[in-house]
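S.K.: Provided below for reference: sequence and predicted model.
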Amino acid sequence: MTCPVCDESSFAPLLAVRGQLVIRCQGCGCVALDALPTQADYATVASARYAARYMDTLRRRGFRSGSLLAVVAAGARVDPEVFLDRAKADGFRAEFLDLSTASANLTPAAFDAAIMLHQLQTQPAPGELLRRTRAALRPGALLLLTVPRFNPGPASSCGPRRTEWRTGDRWYFDETTIQLLLLRYGFHEILVRKSAAGGMLVTAVRDEPAALPKCSIVVAAFNESRTFPVLMDALLKKAIPGVEREIIVIESNSTDGTRALAKQYQSHPEIKLVLQDRPRGKGHAIREGFRHATGDIVLIQDADLEYDLGDYDALLAPILSYRALFVLGTRHAGHWKIRRFAKQKVLAAGLNLGHAFFTGLINVLFRQNMTDPFTMFKVFRRDCLFGLEFHCNRFDFDHELVVKLVRKGYRPLEIPVNYSSRSFREGKKVRLFRDPFTWLWVDLKLRFARVFPKDLW
């Protein structure tokens, strides 16, 4: 048995349900029943109310004309006829295709959208169903699918009476594993919405992935003339096997000569240099870098030398192997006192206590268990940013980015990294009497603020 998300063949048992063993993938965490369902296990359901809702969702994502494919495979729980009738009534060309029949053939790139309702979790090989469906879609076409949602809570809550354990289901996805599966099989711009009934409504767009994954390394530089050239030389020498890269440098009109140093790399084929007219804060610079990023993966890199570039391989490995969407390089895997200033010991202690306070606040507000949400090393699939808007300009952007990714449904995987903190005398730019108040305001505001723009979802 192989995981459809990350190809891991090692599974750990969770519990037994109605004589069947529930197992969890040791790679990405996808959950499965260790027995194949039979056709007798399925019930057929249909609802005009749901049909109207799904068609409205497709329209919100841009499907306003063209042809719609209703995909049905072996073990279908939902009769698509009601959705086809609704689509035709709305003026769309709609077609039904049963992939469970041996003669089912798809015309390549023939449809503008497809729906797949409560089927993916029933398939022995859900990736194969996605692959065949994608082949029938035109570039940029939409896919809408529904699956039950598995809530990866404490092991004690995974009891045999949980409503997720429906007879006939094979795989159990959460927000992370369903997106990893879709990314792997050629979809992007993925949005996942939880339903009150315990399911997920997922929309995605057919992508044209490159032969090699690309990593966009975003570097914000302001008044770092001492460390910037050392960092850039090391960064250009850093090889990432099997990965294409682009380095995006955002220089914010420094006053110490950093801009002149940055311009020396302007013609380098791997570097995009963005020159800002004035400094607006690290967060603003990183947001500008996001707008220029074209890679499959985004990695944030400061222009100082506090972090070790040798940690790139460990940070990228779970993302490249489809085991994680969002990785944090934690500086707190060992001792919590990570800041040690030889001549400013009291100040270092205050910063460590402040870090502990804000980490605890975020964990409580957003039900997380992170050790270092404010690390510079934030690495994630660029698709995670889809549908999100950012507004913070200074160091409060660290809070905004992590919180919005968490609220979108991504569980950060923390990996220990090397770290050597510099003091304020060496160039640290945090303002102790201003920035903490902005952090507190952003954390509290984002606890209740909308994550997606209203017109998108």
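M.R.: Cool, got the structure.
S.K.: contacts and neighbour counts: CA atoms only from here.
M.R.: OK.
S.K.: Could you point out the longest strand of this protein?
M.R.: Longest strand in the chain by number of residues (criterion: DSSP state E): strand 137-148.
S.K.: strands paired with it, and their directions?
M.R.: strand 111-117 (parallel), strand 199-206 (antiparallel) (DSSP bridges).
S.K.: Show me what the helix or strand just after that strand is packed up against.
M.R.: Per DSSP states H and E, the first helix or strand lying C-terminal to strand 137-148 is strand 171-172. Applying 3 or more C-alpha pairs under 8 Å, 6 or more residues apart in numbering; DSSP states H and E, one finds that strand 171-172 contacts strand 31-33.
S.K.: What lies in contact with the strand it packs on?
M.R.: Residues outside strand 31-33 that contact it (C-alpha atoms under 8 Å, 6 or more residues apart in numbering): 20-25, 169-173.
S.K.: Stretch 51-68 too?
M.R.: 82-83, 86-87, 91-95, 110-115, 142, 144, 203, 455-457.
S.K.: For Leu361, grab the count of nearby residues.
M.R.: For Leu361, the neighbour count with other C-alpha atoms under 10 Å is 16.
S.K.: what's the next secondary structure element after the one helix or strand it maps to?
M.R.: Assigning secondary structure by DSSP H and E places Leu361 in helix 345-366. Sequence-wise, the next helix or strand downstream of helix 345-366 (DSSP H and E) is strand 378-381.
S.K.: Tell me which residues are up against that following strand.
M.R.: 296-300, 315-316, 319, 325-329.
S.K.: cool, and stretch 83-93?
M.R.: Outside stretch 83-93, the residues touching it (C-alpha under 8 Å, 6+ apart) are 48, 51-52, 55, 65-68, 70, 94-96.
S.K.: Compare those and tell me which is most surrounded.
M.R.: Most surrounded of the contacts of stretch 83-93: other C-alpha under 10 Å gives Leu68, at 26 neighbours.
S.K.: so is that residue in a helix, a strand, or just coil?
M.R.: What DSSP: H, G, I helix; E, B strand; the rest coil gives for Leu68 is strand.
S.K.: for the residue positioned nearest the centre of the chain, what are its contacts?
M.R.: Nearest to the geometric centre of the chain sits Cys384, at 3.6 Å (C-alpha atoms, centre = their mean). Contacts here follow C-alpha under 8 Å, 6+ apart; on that basis Cys384 touches 325, 405.
S.K.: Outline the domain layout of this protein.
M.R.: Domain ranges of the chain: 11-206, 214-446, per automatic domain parsing.
S.K.: Could I get the average pLDDT for the longest one?
M.R.: Model confidence over domain 214-446, given as mean pLDDT, is 88.
S.K.: The first one too?
M.R.: Averaged over domain 11-206, pLDDT sits at 78.
S.K.: Serialize the strands paired with strand 137-148 to a markdown table and add fields for distance to Glu128 and mean neighbour count.
M.R.: Listed next are the strands paired with strand 137-148 as a markdown table, based on distance: least, C-alpha to C-alpha, whole Å; neighbours: other C-alpha atoms under 10 Å:
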| stretch | distance to Glu128 | mean neighbour count |
| --- | --- | --- |
| strand 111-117 | 13 | 24 |
| strand 199-206 | 15 | 23 |
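S.K.: and Gly127, which of those is closest to it?
M.R.: When the strands paired with strand 137-148 are compared by C-alpha to C-alpha, strand 111-117 sits nearest Gly127, at 13.0 Å.
S.K.: Centre of the chain to that closest one, how far?
M.R.: Centre-to-centre, strand 111-117 and its host chain are 23 Å apart (C-alpha atoms, centre = their mean, to the nearest Å).
S.K.: Downstream of that strand, the next helix or strand is which one?
M.R.: helix 126-135.
S.K.: Please identify the buried residues of that following helix?
M.R.: Going by neighbour count (16 or more other C-alpha atoms under 10 Å), the buried part of helix 126-135 is 126-127, 129-130, 132-135.
S.K.: how about CSV for those residues, with distance to Gln368 added?
M.R.: Formatted as CSV, these follow (distance: C-alpha to C-alpha, whole Å):
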residue, distance to Gln368
Pro126, 30
Gly127, 30
Leu129, 34
Leu130, 32
Arg132, 37
Thr133, 36
Arg134, 35
Ala135, 38
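S.K.: Quick check: the farthest pair among those?
M.R.: Pro126 and Ala135 (14.5 Å).
S.K.: all strands for the stretch 251-400 of the chain, in order.
M.R.: Taking DSSP state E, counting those that start in this stretch as the criterion, the stretch 251-400 of the chain contains strands spanning 271-275, 297-302, 326-330, 378-381.
S.K.: Can you list the strands that the first one pairs with?
M.R.: Note on strand 271-275: by DSSP bridges, its sheet partners are strand 244-251 (parallel).
S.K.: related to what we said a few turns ago, of the buried residues of helix 126-135, which is the nearest to His284?
M.R.: Arg134 (36.8 Å).
S.K.: Could you find the closest non-adjacent residue to that closest one?
M.R.: Of all residues not flanking Arg134 in the chain, Arg206 sits nearest, at 6.6 Å (C-alpha to C-alpha, 6 or more residues apart in numbering).
S.K.: Am I right that that neighbour is in contact with Phe187?
M.R.: Yes: contact criterion C-alpha atoms under 8 Å: Arg206 and Phe187 qualify, at 4.6 Å.
S.K.: if I look at Ala324, how far off is Arg59?
M.R.: 30 Å (C-alpha to C-alpha, to the nearest Å).
S.K.: higher neighbour count, these two?
M.R.: Per other C-alpha under 10 Å, whichever of Ala324 and Arg59 has more neighbours is Ala324, with 26 against 13.
S.K.: The closest residue to the more buried one other than its chain neighbours and Phe377: what is the separation?
M.R.: The spatially closest residue to Ala324, leaving aside those adjacent along the chain, is Pro318, at 5.4 Å (C-alpha to C-alpha, 6+ apart). Distance from Pro318 to Phe377, counting by C-alpha to C-alpha: 14 Å.
S.K.: likewise Ala210?
M.R.: Ala210 is 25 Å from Phe377, by C-alpha to C-alpha.
S.K.: likewise Phe395?
M.R.: 14 Å.
S.K.: Leu328 now?
M.R.: 6 Å.
S.K.: What's the end-to-end length of stretch 181-195?
M.R.: 20 Å.
S.K.: What number of residues are in the vicinity of Leu97?
M.R.: Leu97: 15 neighbours (other C-alpha under 10 Å).
S.K.: How about it: what's its closest non-neighbour residue?
M.R.: Here the residue nearest Leu97, using C-alpha to C-alpha, 6+ apart, is Val71, at 5.4 Å.
S.K.: Just the element for that neighbour, please.
M.R.: strand 67-72.
S.K.: same deal with Leu440?
M.R.: helix 435-446.
S.K.: counting contacts, what elements does that helix pack onto?
M.R.: Using 3+ C-alpha pairs under 8 Å, 6+ apart, the elements in contact with helix 435-446 are helix 345-366, helix 396-407.
S.K.: Can you point out the buried residues in it?
M.R.: Buried residues in helix 435-446 (16+ other C-alpha under 10 Å): 436, 439, 442-443, 446.
S.K.: From one end of stretch 400-420 to the other, what's the distance?
M.R.: End to end - C-alpha to C-alpha - stretch 400-420 spans 24 Å.
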